[in-house]
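> What follows is a predicted structure for the sequence shown.
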Amino acid sequence: MKIFLLSFFIAVTSSAYAQKVDSIYFNLYTDSLKKGVHNYINVDGKCSNGQWLPLTQKEIQFSCSAGRFEGNSLVLDTGFGEKSVRVKAVLKDNPVIQKEITIYIKTGPDKEKVKTMEEVMRKKS
């Protein structure tokens, strides 16, 4: 009985991991990138069973026309002068599966000022 249960458990867990990513898609949280900050580049994978999985640098090889990647985050220097960046995501397990996207750089000023810790704490009191 123990051998049967162990075999059953192994079969169930291995089938859960057997689903392969069929395609990948960018699912950006914003329509433009900011200079001098970490811009999270979200990539989702669609599996053969129809489920969606968030993918990280463990599964995706990122490259870009400018800036540098730190994990899933694209960092652009504050002096970056181009209007856009080309980002490429390649599935490490299957390099045939890849996507590229052009993402524009935010040009206008930030309208909202981020509150300081003192301002936030003062408001709570």
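Received the coordinates, thanks.
> Chain neighbours aside, what residue packs nearest to the residue nearest the centre of the chain?
The centre of the chain sits closest to Asn42, judged by CA atoms, centre = their mean, with a distance of 2.6 Å. For Asn42, ignoring the flanking residues on the chain, the nearest one in space by CB to CB, 6 or more residues apart in numbering is Asn27 at 4.6 Å. C-beta coordinates here come from the backbone N, C-alpha and C atoms, glycine included.
> again with Asp31
Nearest to Asp31 is Tyr104, by CB to CB, 6+ apart, at 7.2 Å.
> distance of that neighbour from Ser23?
Tyr104 sits 24 Å away from Ser23, going by CB to CB, to the nearest Å.
> Find the least confident helix or strand in this structure, judged by mean pLDDT.
Using mean pLDDT, DSSP states H and E, the weakest-scoring helix or strand in the chain turns out to be helix 2-17, at a mean of 48.
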